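Novice: Give me a 3D structure for the following:
(chains A and B)
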Amino acid sequence: MVGFPFAGGAWPMTYLRTDGPRADPATALTWALIGLSVFVVVLITLLVGVGVALRRRRGLAAADAPIEPQGDGIAWLTIGFALTLVALGATLVWTMAALAAIDSPGRPAAVTIEVTGHEWWWEARYLGAGPDDSFTTANEIHIPVGEPVKVLLKGADVIHAFWVPALTGKTETIPGRTNLTWLQADHAGTYRGQCAQFCGLQHAHMAVYVIAQPPAEFEAWRLGQLAGAAAPSDPDAMAGQAVFAAHCGECHTVRGTPAHGSKGPDLTHLMSRRTLAAGAVPNTTGGLSGWIANPQALKPGAKMPATFLSGPQLVQLRAYLETLR
Amino acid sequence: MRGLESTRKPKLVTIDGDYPGARLEAIWGAEPGLKGWLSSVDHKEIGKRYILTAFAFLILGGLEALVMRAQLAGPELRLLTPEQYNQLFTMHGLTMIFLYASPILTGFSNFLWPLLLGSRDMAFPRLNALSYWIYLAAGLFLYAGFVTGHGPDDGWFNYVPYASRAYDAGVNIDVYALGLILLGISTSVGAANFVVTFLQTRAPGMSIGRVPILTWGTLTASVANLLAVPSVSLAFFLLWMDRQFGTRFFATAGGQPLLWQHLFWMFGHPWVYAIVLPAMGMVSDGLPTFCRRPLVGYTAVALSTVATMALGFGVWVHHMFATGMPSLALSFFSGASLIITLPSAVAVFAWTATIWTGRPVITTAFLFFASMIVLFVIGGVSGFMTASVPVDWQLTDTYFVVAHLHYVLIGINVFPVVGGIYYWFPKMTGRLLDERLGQWNFWTMFVGFNVGFFPMHILGLLGMPRRVYTYAYGMGWSGLNLLVSVGSLLFAIGVLLLLVNVVVSLKRGARAGADPWGAPTLEWAVASPPPSYNFAVIPIIASRHPLWEAQLGNDGAGARSQLSHGYLLDQGRETLGTTPLDARPNLILEMPEDSLAPLLLTLGLCGLFIGGLAHAWWLAALGGLVVFGALLDWLWPRLIHADLEKANG
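Specialist: Numbers count the residues shown, from 1 in each chain, chains lettered A, B, ... in the order given. Have a look, this model is predicted:
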């Protein structure tokens, strides 16, 4: 996978460089407005600073300094007002043009994904032609490069906001409503996003990753996700599946097994994800062990309770989870 | 305030030696002792109480900010739990916005208005006292939750459904809801008082084109508050009903979570202007004193004040650009938000022109006022950027907005307020603040503020979201966050220097005469500190700058303001009522005596609200009875001073 030049770089969340038609027109306008802003601030700072330096009266206390009529100065207001009006008019026109440009992709979306904000993770349901062609995953959204993707936004509990800076600005997920946004990545790579609307204790740990892949690679991933989980063969993993059914299935689904809870993320292909807990924990052997042993230590307030499993049970559970590829 | 039938005409007299001061002092002076202190309705006393209380809240809010900046100084620090952080940022926001920024301006206006307008008190002195006591009570109410660990924790904006009982079950949000409704009473009665004071009690001849810009700012803000506060009081009342009695105004099923955002921001955005316009007025009045010339473009600045507020009622949706509303609707609010730049530009160019066409004398107050122009522009252009919908979809809810709002609130509120303290401290206390310490104070605050808050713009552009209790390594935010934390500490040291200056100067400051700055407006015509009755005779005003007429030639007109020759009102607590536009005298206003009723009414309200919070309905009922009793006492007809003198022979 080719790394996106800056999404994986020093500033993974910046929107000063973006990579798709939903974001780019706004980025150009952002740069223009930054330029205008810097110009205005420098101008006024100079006017105030130079004015004070040139006109200041030394050696007299305020009470002793004379009051002299000095002209009405109204020309300053007229010129200032006129300049502001020009800058304002130009910004208004550009704003409307940019808004129109990013309003919709202009061609049918290749993929439709229903993204639901939960406290504190993202559910992503890929809507196919029918139920058999649809599947659910979490926190990592794969998309085909160069294709518009339609995103339906829902709120499960409180209001969140879906935001992937390099691809699209923010749209809130509001319970009881379905909001609509879209995105398109012009290059293959991983783009980081994060919930932007304050949503409670773990608002800080609610990342989402968009992984843009060449269409063929995306299709292969999609087919893999559609399939259920393969049954484990290793004895530890088999024991772990029983532990999972007893302790985890209430909240989590692993398709192809009896576990079909819906409070937490679908774990059918857990090992295809890079992170756990919406970006809070790396999906490594150590990360996974720590997370299932005591989620509250890593993400205090998260809805996943401590499981109180014995050491051997935790090892078995991890072995099972590691088979979910 | 009660209008007397014009059975008598006030005498026109010239002040002569001690006359009529001693008699007026006997009429207006407060009773000594605790009872006199608690029952005082003197606007100067109330104004100073407002300023001191608001400053105490500023310090509390600042300390909360410093604790948060310690937590955010590096990535993945664990100084605070998420819940502690959420309560801290919520309390910081609501403290600064509700308990500091607005009340401090109310304090200045309370102290200054009757002095600026040539009157003896506000139109409704008891209402004024009530407004202060309720403000104090609401502040304590909100902090009582916080110190017991149950402070509001959903941000000052308090979005539902997170603020609903299902997601925030504790008493935290109820404290916020009831506290704000209580505070809303204070704001509303205070605002009504300012409006009537402006319309009825200006000195004869002070037509609306001759009032200081500060009064325009406060008047505009007060009218806005009367229209905006009901929206938020209603929203919080409905929320409290949802939480306590199972109504469904904001519920996902059967209600509408988005309704909260509309009701809140219909209040919230006008409020933002209400807490900066009076401060802009301070600059418009203070800057010319040090530039040694009248403000450039008085009429344009006064009108732009009103225009900003009017437009300010049509922009609330720019807080909601990301809610998924249709693009067409958004573009209207985008346009309205951009247009607000125009009246702001008028003010900025008026101040700049005043500097260029004047001869500034550099004092600490001048430095605070002049630097405010630059900070205002920085906060203005960043606001301009967020007004553009597609740009805002990226900027909103990042640190860019945190930077913006602090440049607005600190730049346009705190800097003018501190400048105002340097300017009016001699009027309030009779002593000048130390200028050398003042220069240190200014430069520490100015440098600390910019080091602390400017990098937040960049953090925002690098994608750091707001209201996160921590952030990960590798996001490129760590170095700038450390810089922000260091800068805010420096800024806090600057504020500390102000406190040191105040404490030192109260004892050892140079004595100020009536007019230490050679200033143009009426408050400088009376002694420092002013006597309890303000003006021995109600002056007669002929221009915008009654104290500069000799030098300026009074706008070219022949008449001169008369400050020591005017209307004598010494038959009791009286001031002169004048017509709303031209300020022609038309009434003698009978002003109330000091009274404990406002304090008693406030205590009753406290019982009512604490009872409501705790579901202790007996306490609520008791509180209601006390409120009723206090109102009876308040409104009970009394013999006025003149009647008493007649009765006593």
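
Novice: For residue B:445, see how far away the nearest residue to residue B:66 once chain neighbours are set aside is.
Specialist: Distances taken as Cβ to Cβ, 6 or more residues apart in numbering or on different chains put residue B:492 closest to residue B:66, at 6.0 Å, once the chain neighbours are dropped. The way it works is simple: take the backbone N, C-alpha and C, and place the C-beta from them, glycine included. Counting by Cβ to Cβ, to the nearest Å, the gap from residue B:492 to residue B:445 is 9 Å.

Novice: more neighbours, the two?
Specialist: residue B:445 (26 against 19; other Cβ atoms under 10 Å in any protein chain shown).

Novice: Rounded mean pLDDT for stretch B:231-248, please.
Specialist: For stretch B:231-248, the mean pLDDT works out to 96.

Novice: ok so, going back, local confidence estimate at the residue nearest to residue B:66?
Specialist: 98.

Novice: Now the element after the helix or strand containing it, going C-ward?
Specialist: Using DSSP states H and E, residue B:492 falls within helix B:478-508. Next in sequence after helix B:478-508, counting helices and strands by DSSP H and E, comes strand B:538-540.

Novice: Show me what that next one is packed against.
Specialist: strand B:562-568 (3 or more Cβ pairs under 8 Å, 6 or more residues apart in numbering or on different chains; DSSP states H and E).

Novice: Give me the sheet partners of the next helix or strand after the strand it packs on and which way each runs.
Specialist: The first helix or strand that comes after strand B:562-568 along the chain, using DSSP H and E, is strand B:574-578. The sheet places strand B:574-578 alongside strand B:585-590 (antiparallel), with pairing taken from DSSP bridges.

Novice: Show the low-confidence segments of the stretch 401-550 of chain B, by residue range.
Specialist: Within the stretch 401-550 of chain B, not a single segment meets pLDDT under 70.

Novice: Contact residues of the stretch 201-325 of chain A facing chain B?
Specialist: A:201-204, A:279, A:300-301 (Cβ under 8 Å from any Cβ of the partner chain).

Novice: Buried by neighbour count, from those: which ones?
Specialist: A:201-204, A:279, A:301 (16 or more other Cβ atoms under 10 Å in any protein chain shown).

Novice: Just the ones of those residues in helices?
Specialist: Taking DSSP state H as the definition of helices, those contribute nothing to them.

Novice: Can you tell me which of these is closest to residue A:320?
Specialist: Comparing these against residue A:320 with Cβ to Cβ places residue A:279 closest, at 23.1 Å.

Novice: Contacts only, for that closest one.
Specialist: For residue A:279, the contacting residues are A:139, A:192, A:194, A:205-209, B:472, by Cβ atoms under 8 Å, 6 or more residues apart in numbering or on different chains.

Novice: taking those one by one, which sit in strands?
Specialist: A:192, A:194, A:207-209 (DSSP state E).

Novice: And the chain, what are its domain boundaries?
Specialist: In the absence of a named chain, this looks at chain A. Following automatic domain parsing, one gets these domains for chain A: A:24-60+A:70-102, A:111-226, A:235-321.

Novice: Can you look at chain B instead?
Specialist: Taken from automatic domain parsing, chain B resolves into B:1-229+B:530-589, B:597-648.

Novice: For the ones you listed, state which one has the densest average packing.
Specialist: domain B:1-229+B:530-589 (a mean of 20; mean count of other Cβ atoms under 10 Å in any protein chain shown).

Novice: Tell me the residue of the stretch 301-450 of chain B that sits nearest chain A?
Specialist: As assessed by Cβ to the nearest Cβ, chain A sits closest to residue B:393 within the stretch 301-450 of chain B, at 2.6 Å.

Novice: ok, that residue touching residue B:324?
Specialist: No - assessed by Cβ atoms under 8 Å, residue B:393 is found out of contact with residue B:324, at 10.9 Å.

Novice: Double-check residue B:57 against residue B:139; I have them as touching.
Specialist: Yes - using Cβ under 8 Å, residue B:57 is in contact with residue B:139, at 6.2 Å.

Novice: Need the overlap of contacts for the two.
Specialist: Common neighbours of residue B:57 and residue B:139 (criterion: Cβ under 8 Å, 6+ apart): residue B:99.

Novice: Can you report how many residues neighbour the residue of the stretch 301-450 of chain B closest to chain A?
Specialist: Every residue meeting other Cβ under 10 Å relative to residue B:393 is counted, giving 26.

Novice: where does residue 265 land on pLDDT?
Specialist: This is for chain A. 97.

Novice: that's the wrong chain, I meant chain B
Specialist: pLDDT at residue B:265 comes out at 97.

Novice: Residue B:320 and residue B:260 touch, don't they?
Specialist: No - here residue B:320 does not reach residue B:260: they are 10.6 Å apart, not a contact under Cβ under 8 Å.

Novice: between the two, who's got more neighbours?
Specialist: The neighbour comparison of residue B:320 against residue B:260 (other Cβ under 10 Å) goes to residue B:260, with 25 against 18.

Novice: If we ignore the residues flanking it in sequence, what's nearest that one?
Specialist: Per Cβ to Cβ, 6+ apart, closest to residue B:260 is residue B:160, 4.6 Å.

Novice: Using the three-state scheme, assign residue A:169.
Specialist: strand (DSSP: H, G, I helix; E, B strand; the rest coil).

Novice: go on, residue B:225?
Specialist: Assigned with three-state DSSP, residue B:225 falls in the helix class.

Novice: Would you tell me what helix or strand the residue lying closest to it once chain neighbours are set aside is located in?
Specialist: When the adjacent residues along the chain are set aside, residue B:225 lies closest to residue B:191, with 4.0 Å between them (Cβ to Cβ, 6+ apart). In this structure, residue B:191 sits in helix B:172-200 according to DSSP H and E.

Novice: Which strands or helices does that helix pack on?
Specialist: Using 3+ Cβ pairs under 8 Å, 6+ apart: helix B:172-200 touches helix B:82-94, helix B:102-117, helix B:125-147, helix B:213-245, helix B:597-614.

Novice: Brilliant, that's me finished.
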